[in-house]
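[1] Got a predicted model here, sequence first, then my questions.
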Amino acid sequence: MPDPAGRFVVGLVAAAVLCGTAGYGIGSVLGEPAPRRISLTAKKFEFDRPEIHVRKGERVTFVLTSLDFAHGFSIPDLAARVDLVPGKAVELTVLIDRAGRLVFLCDNFCGDDHDEMAGTIVVDED
Amino acid sequence: MDGQHYDRRDFLRLAGLGGLVFASGLAGCAGRQAAAQQDFTFVQLSDVHWGYANPKVNPEANATLPRAIAAVNALGQPPDFVVFTGDLTQTTDDPKVRRDRLKSFREHAAALKVKQVYFFAGEHDASLDRGDAYLEVIGGSLNYTFDHKGVHFIVLDNTSDPAPILGDRQLAWLKADLDRLPRDQPIVVLTHRPLFALYPQWDWATRDGGAAIELLMPFRNVTVFYGHIHHENHQATGHIQHHAAMAVMFPLAPVGAPQKTQVPWDPAHPYKGLGFRTVSTSTAAPPATREIPLA
């Protein structure tokens, strides 16, 4: 089924790649700061950073690398997700538009402790 | 009928032969009869997780399925059939262990004293090998339909892909099946994960489940029975009712709990939170559910 939110995210990622994300992202083109880049490594059954702190209103590019499986990376509250590719960095850019605690999780079933493969994005008010 | 459908004689024969691969369609006698709907009951058993081992959550893991089967066999009104709504086994990375668990499960299920038993896979059975072991041991198809006393049953597979999806191909299959039905056809959908976004934060959703619900919306009498969340839950999308069943092996904390957790065993209340359901259908009303605790 078409996923408008997913296509939006893919579009953002594609735009970021076209513009070059190394300090000259789409934000720079628009006169806004480039997204903050946050790297995460995934492996059965954990992300290497179970808690991430960001600010409300911040744009973030998650740089995601899986070591062992085509895990998913999903932030349901932002309707954003991406499939990981083992051994290859995948990017997902999101706008953090709300404060609070947002769950991120692997949403591709990866084995016995799949349910444990989740973390929290702690969003602080500016 | 184009799915797996075992009668009791098949079960007993299979149990005796053990290990033999079951060929699909052996008991394909249900047909799509145009019979008028009659009252009947069926039993939903879900999330057996055969092979599960965590004594803090269920120290009687090997006894739970036999206990559930004994409870079904003791029902005052025998059901017309039993359906297991996925996660027959606990997942494993070892293909041989997966097959052994499925075979052991199947042998235990043969003790059900009912004429017909239907199965389909959960993600623990099928996601890691796209259903290969399930199809080899249990047989049939991952998605199928059958008819019973005027009700059209549709089994949807949202677990054999590691992603929680139905997929375009299955959605096209569903559309083709529905296109031939009158709008007043009573329909029961059986699936493992919720078709709607019950709580995606805990992976309780089917990404493209909304497309299936959209296809079902024109039908006036549609009810969905599913498992996966390991506790009773009842919600509606429009006029379509969605009923989640208790698990046989272990309960999960409900939405609203601080985190997704398996509920620890309560020695003061063994089997608390575990159970199954009977479903009564009637020509006059949507299916009525009755939850049967194992405690």
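    Done, it's in.

[2] could you pull out the helices for chain A?
    A:4-19, A:26-29 (DSSP state H).

[3] List the residues that contact the nearest residue to residue B:189 once chain neighbours are set aside.
    Spatially, and ignoring its direct neighbours in sequence, residue B:189 is nearest to residue B:224 (4.4 Å; CB to CB, 6 or more residues apart in numbering or on different chains). From N, CA and C alone the C-beta is placed, and that goes for glycine too. Contacts for residue B:224 (CB atoms under 8 Å, 6 or more residues apart in numbering or on different chains) come out as B:188-191, B:195, B:240-243.

[4] Might you enumerate the residues of chain A proximal to chain B?
    Applying CB under 8 Å from any CB of the partner chain, we find that chain A lies next to chain B at A:1, A:3, A:70, A:72, A:74, A:76-77, A:83, A:103, A:105, A:107-112, A:114-115, A:118.

[5] can you list the domain ranges for chain A.
    Per automatic domain parsing, the structural domains of chain A span A:1-33, A:35-124.

[6] now those domains as a markdown table including distance to residue B:58?
    What follows is the domains of chain A, written out as a markdown table (distance: least, CB to CB, whole Å):
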| stretch | distance to residue B:58 |
| --- | --- |
| domain A:1-33 | 36 |
| domain A:35-124 | 15 |
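
[7] Residue B:288 and chain A, how far apart?
    32 Å (CB to the nearest CB, to the nearest Å).

[8] how about the residues of the stretch 1-150 of chain B that lie near chain A?
    Residues of the stretch 1-150 of chain B that fall close to chain A, judged by CB under 8 Å from any CB: B:90-93, B:123, B:127-128.

[9] where does chain B dip in pLDDT?
    B:1-37, B:283-284 (pLDDT under 70).

[10] now chain A
    Within chain A, the ranges that satisfy pLDDT under 70 run A:1-31.

[11] how about it, which residue sits the furthest from its center?
    Most distant from the centre of chain A: residue A:112, at 23.6 Å, with distances by CA atoms, centre = their mean.

[12] Let me see the contact set for that one.
    By CB under 8 Å, 6+ apart, the residues touching residue A:112 are A:45, B:90-93.

[13] which of those residues lies closest to residue B:77?
    residue B:90 (31.6 Å; CB to CB).

[14] Give me the neighbour count for the closest one.
    Neighbour count of residue B:90, defined by other CB atoms under 10 Å in any protein chain shown: 22.

[15] Quick check, it in contact with residue B:47.
    No - between residue B:90 and residue B:47 there is no contact under CB atoms under 8 Å: 9.9 Å.

[16] any common contacting residues for those two?
    Residues touching both residue B:90 and residue B:47 by CB under 8 Å, 6+ apart: residue B:249.

[17] Please, where are all the strands along chain A?
    In chain A, the strands defined using DSSP state E lie at A:36-43, A:46-47, A:51-55, A:59-66, A:72-75, A:80-83, A:90-95, A:100-105, A:118-124.

[18] most packed of the ones you listed?
    Among the strands of chain A, ranked by average contacts under mean count of other CB atoms under 10 Å in any protein chain shown, first place goes to strand A:72-75 (a mean of 24).

[19] just checking, what packs against it?
    When contacts are defined as 3 or more CB pairs under 8 Å, 6 or more residues apart in numbering or on different chains; DSSP states H and E, strand A:72-75 packs onto strand A:80-83, strand A:90-95, strand A:100-105.
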